[in-house]
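Participant: here is my input, please return the structure:
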Amino acid sequence: MRSLASDVTLYALNARRLLVPASTMKIVTLAAAAERLRWDFSYETRLSGVGALGAGVLDGDLVVVGNGDPTIDDWDGAASRLFQGWGEQLKAAGVRTVTGRVIGDDNAFDDEPLGAGWAWDDLSASYATGVSALQFNENTAQISVAAGSAAGDPASATILPRGTSLVVRNHLKTSAADVPPSISIRRLPGSTTLEVRGSVPAGSARAVRNISVDNPTLYFVAALRDALIADGIDIRGPAVDIDEVADPPSRDRGTLLLTHRSPPLSTLAETMIKLSQNLYAETLLKSLGATAGAGTAEAGRSAAVSIVQEWGVKPADLVVADGSGLSRYNLATPEAIVTILTHVDRDEGLRAPFEAALPVAGRDGTLAQRMRGTAAEGNARAKTGSFSNARALSGYVRTADDEPLVFSIIVNNFGTTPDVVEQTMDSIVVRLANFRR
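Facilitator: Numbers count the residues shown, from 1 in each chain. Below you'll find the model as predicted:
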(Lines give C-alpha, C1' and ligand atoms only; values in the text may rest on other atoms or scores of the structure.)
Protein backbone atom coordinates (compact mmCIF):
# COMPACT_ATOMS: atom_id res chain seq x y z
CA MET A 1 0.00 0.00 0.00
CA ARG A 2 1.39 3.38 -0.99
CA SER A 3 0.34 6.96 -0.45
CA LEU A 4 -0.32 8.77 -3.71
CA ALA A 5 0.17 12.05 -1.89
CA SER A 6 3.61 11.41 -0.38
CA ASP A 7 4.78 8.34 -2.35
CA VAL A 8 5.53 6.67 1.00
CA THR A 9 4.88 2.94 1.29
CA LEU A 10 2.62 2.22 4.26
CA TYR A 11 3.01 -1.56 4.17
CA ALA A 12 4.52 -4.21 1.92
CA LEU A 13 4.74 -7.99 2.12
CA ASN A 14 6.15 -10.06 -0.76
CA ALA A 15 5.83 -6.98 -2.95
CA ARG A 16 8.29 -8.34 -5.52
CA ARG A 17 7.03 -11.92 -5.53
CA LEU A 18 5.56 -13.10 -8.83
CA LEU A 19 1.98 -14.26 -8.36
CA VAL A 20 -0.93 -15.24 -10.60
CA PRO A 21 -3.01 -12.02 -10.78
CA ALA A 22 -6.21 -13.51 -12.26
CA SER A 23 -8.46 -10.77 -13.66
CA THR A 24 -6.40 -7.93 -12.21
CA MET A 25 -4.33 -8.50 -15.37
CA LYS A 26 -7.04 -6.37 -17.01
CA ILE A 27 -5.46 -3.38 -15.24
CA VAL A 28 -2.32 -3.91 -17.33
CA THR A 29 -4.29 -4.37 -20.56
CA LEU A 30 -6.56 -1.36 -20.12
CA ALA A 31 -3.79 0.99 -18.97
CA ALA A 32 -1.58 0.05 -21.93
CA ALA A 33 -4.49 0.24 -24.40
CA ALA A 34 -5.56 3.67 -23.13
CA GLU A 35 -1.98 4.91 -23.44
CA ARG A 36 -1.49 3.64 -26.99
CA LEU A 37 -5.02 3.84 -28.46
CA ARG A 38 -6.36 6.75 -26.35
CA TRP A 39 -9.80 6.98 -24.80
CA ASP A 40 -11.56 8.15 -27.97
CA PHE A 41 -10.53 5.03 -29.90
CA SER A 42 -13.43 3.09 -31.39
CA TYR A 43 -13.85 -0.01 -33.53
CA GLU A 44 -14.96 0.28 -37.15
CA THR A 45 -17.07 -2.21 -39.12
CA ARG A 46 -17.56 -1.65 -42.86
CA LEU A 47 -19.93 -3.17 -45.41
CA SER A 48 -18.82 -3.14 -49.04
CA GLY A 49 -20.34 -4.46 -52.22
CA VAL A 50 -17.95 -6.36 -54.48
CA GLY A 51 -19.50 -6.57 -57.94
CA ALA A 52 -21.60 -4.48 -60.27
CA LEU A 53 -24.34 -2.48 -58.59
CA GLY A 54 -27.34 -1.30 -60.56
CA ALA A 55 -31.14 -1.43 -60.74
CA GLY A 56 -31.28 -2.48 -57.07
CA VAL A 57 -29.05 -5.51 -57.60
CA LEU A 58 -25.55 -6.09 -56.23
CA ASP A 59 -24.27 -8.69 -58.67
CA GLY A 60 -21.64 -10.08 -56.37
CA ASP A 61 -20.82 -10.38 -52.68
CA LEU A 62 -21.55 -8.27 -49.63
CA VAL A 63 -18.32 -8.12 -47.61
CA VAL A 64 -18.30 -7.23 -43.92
CA VAL A 65 -14.89 -6.01 -42.74
CA GLY A 66 -14.37 -5.93 -38.98
CA ASN A 67 -11.53 -4.87 -36.72
CA GLY A 68 -12.74 -6.32 -33.44
CA ASP A 69 -15.85 -4.48 -32.23
CA PRO A 70 -17.01 -6.53 -29.20
CA THR A 71 -20.20 -4.52 -28.60
CA ILE A 72 -22.55 -5.85 -31.32
CA ASP A 73 -24.79 -7.81 -28.99
CA ASP A 74 -28.37 -8.99 -29.45
CA TRP A 75 -29.30 -10.39 -26.05
CA ASP A 76 -31.32 -7.21 -25.47
CA GLY A 77 -32.31 -6.78 -29.13
CA ALA A 78 -29.75 -4.03 -29.82
CA ALA A 79 -28.04 -5.87 -32.68
CA SER A 80 -31.38 -6.61 -34.34
CA ARG A 81 -32.13 -2.90 -34.35
CA LEU A 82 -28.63 -2.13 -35.58
CA PHE A 83 -28.81 -4.66 -38.41
CA GLN A 84 -32.26 -3.39 -39.38
CA GLY A 85 -30.72 0.06 -39.63
CA TRP A 86 -27.98 -1.35 -41.81
CA GLY A 87 -30.63 -2.92 -44.02
CA GLU A 88 -32.31 0.44 -44.46
CA GLN A 89 -28.96 2.07 -45.32
CA LEU A 90 -28.24 -0.64 -47.89
CA LYS A 91 -31.62 -0.12 -49.52
CA ALA A 92 -31.03 3.63 -49.56
CA ALA A 93 -27.72 2.91 -51.31
CA GLY A 94 -29.59 0.95 -53.97
CA VAL A 95 -29.06 -2.59 -52.71
CA ARG A 96 -32.23 -4.69 -52.60
CA THR A 97 -30.82 -7.94 -54.00
CA VAL A 98 -27.42 -9.56 -53.44
CA THR A 99 -26.71 -12.36 -55.91
CA GLY A 100 -23.66 -13.58 -54.01
CA ARG A 101 -22.63 -14.26 -50.45
CA VAL A 102 -22.27 -12.37 -47.18
CA ILE A 103 -18.54 -12.71 -46.51
CA GLY A 104 -17.01 -12.00 -43.12
CA ASP A 105 -13.55 -10.46 -43.42
CA ASP A 106 -11.84 -10.99 -40.07
CA ASN A 107 -8.27 -10.53 -41.31
CA ALA A 108 -7.57 -7.56 -39.04
CA PHE A 109 -6.73 -10.21 -36.41
CA ASP A 110 -4.94 -13.51 -36.74
CA ASP A 111 -6.82 -16.81 -36.65
CA GLU A 112 -5.66 -17.88 -33.17
CA PRO A 113 -8.80 -17.19 -31.12
CA LEU A 114 -7.73 -18.55 -27.73
CA GLY A 115 -5.37 -17.19 -25.12
CA ALA A 116 -2.07 -18.84 -24.21
CA GLY A 117 -2.48 -21.26 -21.33
CA TRP A 118 -6.26 -21.29 -21.19
CA ALA A 119 -7.54 -24.47 -19.56
CA TRP A 120 -9.19 -26.82 -22.05
CA ASP A 121 -12.12 -27.48 -19.73
CA ASP A 122 -12.95 -23.75 -19.67
CA LEU A 123 -13.34 -23.47 -23.42
CA SER A 124 -17.05 -24.24 -23.67
CA ALA A 125 -17.83 -21.51 -21.13
CA SER A 126 -18.92 -18.02 -22.14
CA TYR A 127 -16.03 -16.43 -20.20
CA ALA A 128 -13.49 -18.28 -22.37
CA THR A 129 -14.80 -17.54 -25.83
CA GLY A 130 -12.32 -16.89 -28.61
CA VAL A 131 -11.56 -13.53 -30.23
CA SER A 132 -12.24 -12.51 -33.82
CA ALA A 133 -12.21 -9.28 -35.79
CA LEU A 134 -15.96 -9.88 -36.26
CA GLN A 135 -17.85 -10.63 -33.04
CA PHE A 136 -21.51 -11.14 -32.20
CA ASN A 137 -23.27 -11.62 -28.86
CA GLU A 138 -19.83 -11.45 -27.20
CA ASN A 139 -19.22 -14.71 -29.12
CA THR A 140 -21.61 -16.58 -26.85
CA ALA A 141 -24.81 -18.51 -27.34
CA GLN A 142 -27.16 -20.29 -24.97
CA ILE A 143 -28.10 -23.91 -24.48
CA SER A 144 -31.60 -24.46 -23.16
CA VAL A 145 -32.17 -27.70 -21.26
CA ALA A 146 -35.56 -29.20 -20.36
CA ALA A 147 -36.52 -32.38 -18.53
CA GLY A 148 -38.52 -35.13 -20.16
CA SER A 149 -41.92 -36.32 -19.00
CA ALA A 150 -40.67 -38.82 -16.44
CA ALA A 151 -37.52 -40.11 -14.78
CA GLY A 152 -35.44 -42.09 -17.25
CA ASP A 153 -36.65 -40.18 -20.30
CA PRO A 154 -34.15 -38.23 -22.42
CA ALA A 155 -33.89 -34.52 -21.61
CA SER A 156 -33.79 -31.97 -24.42
CA ALA A 157 -30.95 -29.55 -25.20
CA THR A 158 -31.42 -26.74 -27.72
CA ILE A 159 -28.96 -24.05 -28.84
CA LEU A 160 -30.11 -20.47 -29.27
CA PRO A 161 -29.92 -18.39 -31.39
CA ARG A 162 -29.55 -20.11 -34.75
CA GLY A 163 -26.42 -19.64 -36.81
CA THR A 164 -23.87 -20.70 -34.18
CA SER A 165 -22.62 -23.68 -36.24
CA LEU A 166 -22.59 -25.69 -33.00
CA VAL A 167 -23.92 -29.24 -33.00
CA VAL A 168 -25.27 -30.79 -29.78
CA ARG A 169 -24.37 -34.31 -28.76
CA ASN A 170 -26.99 -34.79 -26.07
CA HIS A 171 -26.54 -37.43 -23.36
CA LEU A 172 -28.84 -35.77 -20.82
CA LYS A 173 -31.37 -37.84 -18.92
CA THR A 174 -34.36 -36.96 -16.78
CA SER A 175 -33.86 -37.85 -13.11
CA ALA A 176 -36.31 -38.20 -10.24
CA ALA A 177 -37.81 -34.92 -9.09
CA ASP A 178 -35.87 -34.93 -5.79
CA VAL A 179 -32.45 -35.35 -7.44
CA PRO A 180 -30.46 -32.11 -7.86
CA PRO A 181 -29.64 -31.16 -11.48
CA SER A 182 -26.21 -32.07 -12.80
CA ILE A 183 -25.30 -30.62 -16.20
CA SER A 184 -21.85 -30.96 -17.76
CA ILE A 185 -20.99 -29.15 -21.01
CA ARG A 186 -17.81 -29.75 -22.98
CA ARG A 187 -16.42 -28.57 -26.31
CA LEU A 188 -12.87 -29.32 -27.39
CA PRO A 189 -10.72 -26.65 -29.10
CA GLY A 190 -11.56 -26.24 -32.78
CA SER A 191 -14.63 -28.45 -32.51
CA THR A 192 -18.21 -27.47 -33.26
CA THR A 193 -19.56 -30.39 -31.25
CA LEU A 194 -21.00 -29.51 -27.86
CA GLU A 195 -21.26 -32.56 -25.62
CA VAL A 196 -23.90 -32.30 -22.90
CA ARG A 197 -24.10 -34.88 -20.12
CA GLY A 198 -25.82 -35.29 -16.78
CA SER A 199 -29.38 -35.18 -15.55
CA VAL A 200 -32.30 -32.79 -15.10
CA PRO A 201 -34.97 -33.48 -12.45
CA ALA A 202 -38.48 -34.23 -13.67
CA GLY A 203 -40.82 -31.29 -13.36
CA SER A 204 -38.03 -28.74 -13.07
CA ALA A 205 -38.03 -25.43 -14.90
CA ARG A 206 -36.10 -25.08 -18.14
CA ALA A 207 -32.42 -24.31 -17.43
CA VAL A 208 -30.26 -22.03 -19.59
CA ARG A 209 -26.47 -22.03 -19.74
CA ASN A 210 -24.23 -19.59 -21.61
CA ILE A 211 -21.68 -21.19 -23.94
CA SER A 212 -18.92 -20.09 -26.30
CA VAL A 213 -19.13 -20.44 -30.08
CA ASP A 214 -16.39 -21.94 -32.22
CA ASN A 215 -16.37 -19.50 -35.15
CA PRO A 216 -17.35 -15.94 -34.15
CA THR A 217 -16.95 -14.63 -37.72
CA LEU A 218 -19.43 -17.11 -39.16
CA TYR A 219 -21.77 -16.44 -36.24
CA PHE A 220 -21.70 -12.72 -37.06
CA VAL A 221 -22.34 -12.99 -40.79
CA ALA A 222 -25.06 -15.63 -40.33
CA ALA A 223 -26.91 -13.29 -37.95
CA LEU A 224 -26.44 -10.34 -40.31
CA ARG A 225 -27.64 -12.29 -43.34
CA ASP A 226 -30.79 -13.43 -41.49
CA ALA A 227 -31.50 -9.88 -40.34
CA LEU A 228 -31.06 -8.37 -43.81
CA ILE A 229 -33.36 -10.98 -45.34
CA ALA A 230 -35.93 -10.24 -42.63
CA ASP A 231 -35.64 -6.57 -43.59
CA GLY A 232 -36.55 -7.34 -47.19
CA ILE A 233 -33.15 -7.70 -48.88
CA ASP A 234 -32.93 -10.75 -51.13
CA ILE A 235 -29.59 -12.45 -50.42
CA ARG A 236 -29.09 -15.50 -52.60
CA GLY A 237 -25.73 -16.76 -51.40
CA PRO A 238 -24.74 -18.18 -48.01
CA ALA A 239 -22.97 -16.52 -45.08
CA VAL A 240 -19.28 -17.50 -45.12
CA ASP A 241 -16.02 -16.84 -43.29
CA ILE A 242 -13.44 -15.29 -45.63
CA ASP A 243 -11.09 -18.15 -44.74
CA GLU A 244 -13.47 -20.50 -46.54
CA VAL A 245 -13.38 -18.48 -49.78
CA ALA A 246 -11.00 -19.82 -52.41
CA ASP A 247 -10.45 -16.44 -54.06
CA PRO A 248 -11.25 -13.90 -51.33
CA PRO A 249 -12.04 -10.37 -52.44
CA SER A 250 -9.60 -7.63 -51.48
CA ARG A 251 -10.91 -5.30 -48.79
CA ASP A 252 -9.86 -2.42 -51.06
CA ARG A 253 -12.13 -3.54 -53.88
CA GLY A 254 -15.80 -2.80 -54.22
CA THR A 255 -18.12 -0.02 -53.16
CA LEU A 256 -18.24 1.13 -49.54
CA LEU A 257 -21.90 0.98 -48.53
CA LEU A 258 -21.80 1.85 -44.83
CA THR A 259 -19.54 2.27 -41.84
CA HIS A 260 -20.40 1.59 -38.19
CA ARG A 261 -18.34 2.66 -35.19
CA SER A 262 -18.47 1.26 -31.67
CA PRO A 263 -18.68 3.40 -28.54
CA PRO A 264 -15.28 4.82 -27.51
CA LEU A 265 -12.73 2.99 -25.39
CA SER A 266 -13.76 5.07 -22.36
CA THR A 267 -17.19 3.41 -22.55
CA LEU A 268 -15.89 -0.06 -23.41
CA ALA A 269 -13.60 0.15 -20.38
CA GLU A 270 -16.55 0.20 -17.98
CA THR A 271 -17.94 -3.08 -19.34
CA MET A 272 -14.48 -4.64 -19.41
CA ILE A 273 -13.49 -3.68 -15.87
CA LYS A 274 -16.70 -3.39 -13.88
CA LEU A 275 -18.05 -6.69 -15.25
CA SER A 276 -14.61 -8.28 -15.74
CA GLN A 277 -15.46 -9.05 -19.38
CA ASN A 278 -12.70 -11.27 -20.74
CA LEU A 279 -13.58 -10.90 -24.43
CA TYR A 280 -13.18 -7.12 -24.30
CA ALA A 281 -9.73 -7.51 -22.72
CA GLU A 282 -8.53 -10.07 -25.26
CA THR A 283 -9.85 -7.90 -28.10
CA LEU A 284 -7.97 -4.88 -26.77
CA LEU A 285 -4.78 -6.92 -26.53
CA LYS A 286 -4.97 -7.78 -30.24
CA SER A 287 -5.86 -4.18 -31.03
CA LEU A 288 -2.68 -3.13 -29.25
CA GLY A 289 -0.82 -5.55 -31.48
CA ALA A 290 -2.51 -4.15 -34.56
CA THR A 291 -1.11 -0.69 -33.76
CA ALA A 292 2.34 -2.29 -33.93
CA GLY A 293 1.55 -3.90 -37.29
CA ALA A 294 0.14 -7.33 -36.34
CA GLY A 295 -3.29 -8.08 -34.88
CA THR A 296 -1.96 -10.87 -32.71
CA ALA A 297 -1.87 -11.53 -28.98
CA GLU A 298 1.91 -11.85 -29.18
CA ALA A 299 2.28 -8.35 -30.65
CA GLY A 300 -0.19 -7.04 -28.09
CA ARG A 301 1.73 -8.58 -25.22
CA SER A 302 4.97 -7.03 -26.45
CA ALA A 303 3.32 -3.62 -26.77
CA ALA A 304 1.74 -3.79 -23.29
CA VAL A 305 4.99 -4.84 -21.63
CA SER A 306 6.96 -2.13 -23.43
CA ILE A 307 4.49 0.56 -22.35
CA VAL A 308 4.39 -0.33 -18.65
CA GLN A 309 8.15 -0.78 -18.47
CA GLU A 310 8.46 2.85 -19.58
CA TRP A 311 6.37 3.66 -16.48
CA GLY A 312 8.83 1.92 -14.19
CA VAL A 313 7.63 -1.69 -14.08
CA LYS A 314 10.71 -3.89 -13.82
CA PRO A 315 11.07 -6.61 -16.51
CA ALA A 316 11.28 -9.31 -13.83
CA ASP A 317 8.01 -8.16 -12.24
CA LEU A 318 5.53 -8.92 -15.02
CA VAL A 319 4.82 -11.83 -17.36
CA VAL A 320 1.92 -11.19 -19.75
CA ALA A 321 0.29 -14.24 -21.35
CA ASP A 322 -3.16 -12.88 -22.22
CA GLY A 323 -5.20 -9.74 -21.82
CA SER A 324 -7.91 -10.92 -19.45
CA GLY A 325 -6.09 -12.84 -16.74
CA LEU A 326 -7.74 -16.15 -17.60
CA SER A 327 -4.35 -17.77 -18.21
CA ARG A 328 -2.32 -19.16 -15.35
CA TYR A 329 0.79 -18.25 -17.34
CA ASN A 330 0.26 -14.62 -16.29
CA LEU A 331 2.49 -13.49 -13.44
CA ALA A 332 2.76 -10.11 -11.74
CA THR A 333 4.15 -8.70 -8.55
CA PRO A 334 1.99 -6.46 -6.37
CA GLU A 335 4.70 -3.83 -6.88
CA ALA A 336 4.13 -3.92 -10.67
CA ILE A 337 0.38 -3.41 -10.30
CA VAL A 338 0.90 -0.55 -7.83
CA THR A 339 3.41 1.07 -10.21
CA ILE A 340 0.90 0.94 -13.07
CA LEU A 341 -1.95 2.29 -10.94
CA THR A 342 0.29 5.06 -9.62
CA HIS A 343 1.25 6.13 -13.14
CA VAL A 344 -2.38 6.12 -14.27
CA ASP A 345 -3.41 8.28 -11.31
CA ARG A 346 -0.71 10.83 -12.09
CA ASP A 347 -1.41 11.00 -15.82
CA GLU A 348 -4.17 13.52 -16.58
CA GLY A 349 -4.82 11.83 -19.91
CA LEU A 350 -5.42 8.43 -18.33
CA ARG A 351 -6.80 8.95 -14.85
CA ALA A 352 -10.48 9.92 -15.03
CA PRO A 353 -11.87 7.31 -17.47
CA PHE A 354 -9.68 4.57 -15.95
CA GLU A 355 -10.81 5.22 -12.39
CA ALA A 356 -14.44 5.60 -13.54
CA ALA A 357 -14.22 2.09 -15.01
CA LEU A 358 -13.19 0.48 -11.72
CA PRO A 359 -15.88 -1.24 -9.61
CA VAL A 360 -16.94 0.84 -6.60
CA ALA A 361 -17.10 -0.96 -3.26
CA GLY A 362 -20.68 -1.71 -2.23
CA ARG A 363 -22.08 0.01 -5.32
CA ASP A 364 -21.45 -1.67 -8.67
CA GLY A 365 -19.62 -4.21 -10.80
CA THR A 366 -17.84 -7.09 -9.13
CA LEU A 367 -17.72 -5.15 -5.83
CA ALA A 368 -21.45 -4.42 -5.65
CA GLN A 369 -21.97 -6.77 -2.69
CA ARG A 370 -18.65 -6.26 -0.94
CA MET A 371 -17.65 -3.81 1.83
CA ARG A 372 -21.22 -2.53 2.17
CA GLY A 373 -21.92 -0.47 5.25
CA THR A 374 -18.23 0.31 5.82
CA ALA A 375 -15.98 3.32 5.31
CA ALA A 376 -14.88 1.71 2.04
CA GLU A 377 -18.37 1.74 0.51
CA GLY A 378 -18.56 4.33 -2.24
CA ASN A 379 -14.90 5.09 -1.57
CA ALA A 380 -12.70 2.20 -2.66
CA ARG A 381 -12.39 1.60 -6.42
CA ALA A 382 -10.68 -1.64 -7.30
CA LYS A 383 -10.39 -4.47 -9.82
CA THR A 384 -11.11 -7.94 -8.52
CA GLY A 385 -9.53 -11.16 -9.67
CA SER A 386 -10.68 -14.69 -9.02
CA PHE A 387 -10.31 -18.25 -10.12
CA SER A 388 -9.45 -21.45 -8.27
CA ASN A 389 -6.62 -20.87 -5.78
CA ALA A 390 -6.17 -17.23 -6.78
CA ARG A 391 -7.82 -14.06 -5.51
CA ALA A 392 -6.75 -10.46 -6.04
CA LEU A 393 -7.93 -6.94 -5.35
CA SER A 394 -6.07 -3.84 -6.62
CA GLY A 395 -7.06 -0.21 -6.80
CA TYR A 396 -7.51 3.01 -4.85
CA VAL A 397 -9.01 4.10 -1.54
CA ARG A 398 -9.07 7.32 0.49
CA THR A 399 -8.30 7.31 4.20
CA ALA A 400 -10.37 8.99 6.90
CA ASP A 401 -8.03 11.98 6.43
CA ASP A 402 -8.83 11.97 2.67
CA GLU A 403 -5.34 10.79 1.81
CA PRO A 404 -5.34 8.87 -1.51
CA LEU A 405 -3.80 5.40 -1.34
CA VAL A 406 -3.05 2.77 -3.97
CA PHE A 407 -2.95 -0.93 -3.10
CA SER A 408 -2.55 -4.39 -4.59
CA ILE A 409 -3.42 -7.57 -2.71
CA ILE A 410 -2.79 -10.90 -4.48
CA VAL A 411 -3.29 -14.27 -2.78
CA ASN A 412 -2.36 -17.61 -4.38
CA ASN A 413 -2.47 -21.26 -3.30
CA PHE A 414 -4.44 -20.63 -0.13
CA GLY A 415 -5.52 -23.42 2.17
CA THR A 416 -8.89 -22.00 3.11
CA THR A 417 -12.14 -21.21 1.34
CA PRO A 418 -12.24 -18.31 -1.15
CA ASP A 419 -14.79 -16.37 0.89
CA VAL A 420 -12.37 -16.19 3.81
CA VAL A 421 -9.68 -14.78 1.50
CA GLU A 422 -12.06 -12.19 0.02
CA GLN A 423 -13.32 -11.15 3.46
CA THR A 424 -9.72 -10.72 4.63
CA MET A 425 -8.86 -8.57 1.60
CA ASP A 426 -11.98 -6.48 2.17
CA SER A 427 -11.11 -5.98 5.82
CA ILE A 428 -7.68 -4.65 4.80
CA VAL A 429 -9.27 -2.11 2.45
CA VAL A 430 -11.80 -1.10 5.10
CA ARG A 431 -8.98 -0.58 7.59
CA LEU A 432 -7.22 1.66 5.07
CA ALA A 433 -10.44 3.64 4.62
CA ASN A 434 -10.57 4.17 8.40
CA PHE A 435 -6.87 4.99 8.74
CA ARG A 436 -5.79 8.35 10.18
CA ARG A 437 -2.30 9.76 10.48
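
Participant: can you show me the strands along the stretch 151-300 of the chain?
Facilitator: Taking DSSP state E, counting those that start in this stretch to define them, one finds strands in the stretch 151-300 of the chain at 156-160, 167-170, 173-175, 182-186, 193-201, 207-212, 234-235, 239-241, 255-261.

Participant: what's the domain layout of the chain?
Facilitator: 2-41+265-434, 44-112+215-261, 136-212 (automatic domain parsing).

Participant: tell me how far Leu10 lies from Leu258.
Facilitator: Using C-beta to C-beta, to the nearest Å, Leu10 is found at 54 Å from Leu258. The way it works is simple: take the backbone N, C-alpha and C, and place the C-beta from them, glycine included.

Participant: what of Ser287?
Facilitator: With distances defined as C-beta to C-beta, the gap from Ser287 to Leu258 amounts to 22 Å.

Participant: more crowded one of those two?
Facilitator: Between Ser287 and Leu258, Ser287 has the larger neighbour count (other C-beta atoms under 10 Å), namely 25 against 16.

Participant: pretty sure the more buried one is touching Gly66, no?
Facilitator: No. The pair Ser287 / Gly66 is not scored as a contact, 11.6 Å apart, by C-beta atoms under 8 Å.

Participant: now do the shared contacts for the two.
Facilitator: Listed contacts common to Ser287 and Gly66 are Tyr43; contacts here mean C-beta atoms under 8 Å, 6 or more residues apart in numbering.

Participant: tell me how many other residues surround Thr342.
Facilitator: What Thr342 shows, counting by other C-beta under 10 Å, is a neighbour count of 17.

Participant: skipping adjacent residues, who's closest to it in space?
Facilitator: Take Thr342 and drop its neighbours on the chain: the residue closest to it by C-beta to C-beta, 6 or more residues apart in numbering is Val406, 5.5 Å away.

Participant: check Arg346 too.
Facilitator: Ranked by C-beta to C-beta, 6+ apart and with sequence neighbours excluded, the top spatial neighbour of Arg346 is Leu4, at 7.7 Å.

Participant: for the one you found, give me its contacts.
Facilitator: Contacts here follow C-beta under 8 Å, 6+ apart; on that basis Leu4 touches 342, 345-346, 396, 404-406.

Participant: pLDDT score for the residue nearest to Asn210 when sequence neighbours are not counted?
Facilitator: Closest residue to Asn210 apart from its sequence neighbours, by C-beta to C-beta, 6+ apart: Ser126 at 3.7 Å. Model confidence at Ser126, expressed as pLDDT, equals 94.

Participant: can you report how many residues lie near Ser126?
Facilitator: Ser126 is flanked by 18 other residues according to other C-beta under 10 Å.

Participant: tell me the secondary structure for the nearest residue to Arg436 once chain neighbours are set aside?
Facilitator: Beyond its immediate neighbours in the sequence, the residue positioned closest to Arg436 (C-beta to C-beta, 6+ apart) is Ala400, lying 4.8 Å away. Using DSSP: H, G, I helix; E, B strand; the rest coil, the structure places Ala400 in coil.

Participant: got it, and Leu53?
Facilitator: For Leu53, the secondary structure call by three-state DSSP comes out as strand.

Participant: which residues touch it?
Facilitator: Under the criterion of C-beta under 8 Å, 6+ apart, the contact list for Leu53 reads 59, 94-95, 255.

Participant: and for Gln89?
Facilitator: Remark: with contacts taken as C-beta under 8 Å, 6+ apart, Gln89 is in contact with 257-258.

Participant: so how far is Lys286 from the residue sitting nearest the centre point of the chain?
Facilitator: Residue closest to the mean C-alpha point of the chain, counted by C-alpha atoms, centre = their mean, is Leu279 at 1.8 Å. Distance, Leu279 to Lys286, by C-beta to C-beta: 11 Å.

Participant: overlap in contacts, those two.
Facilitator: Between them, Leu279 and Lys286 have Val131 as joint contacts when contacts are counted by C-beta under 8 Å, 6+ apart.

Participant: output the longest helix belonging to this protein.
Facilitator: What stands out as the longest helix in the chain, according to DSSP state H, is helix 418-434.

Participant: list of residues touching that helix?
Facilitator: Helix 418-434 is contacted from outside by 1, 10, 361, 370-371, 374-376, 379-380, 382, 386, 391, 393, 397-400, 405, 407, 409, 411, 414, using C-beta under 8 Å, 6+ apart.

Participant: again, only this time at 7 Å
Facilitator: Where contact means C-beta atoms under 7 Å, 6 or more residues apart in numbering, the residues beyond helix 418-434 that reach it are 1, 370-371, 374-376, 379-380, 386, 391, 393, 397, 399-400, 405, 407, 409, 411, 414.
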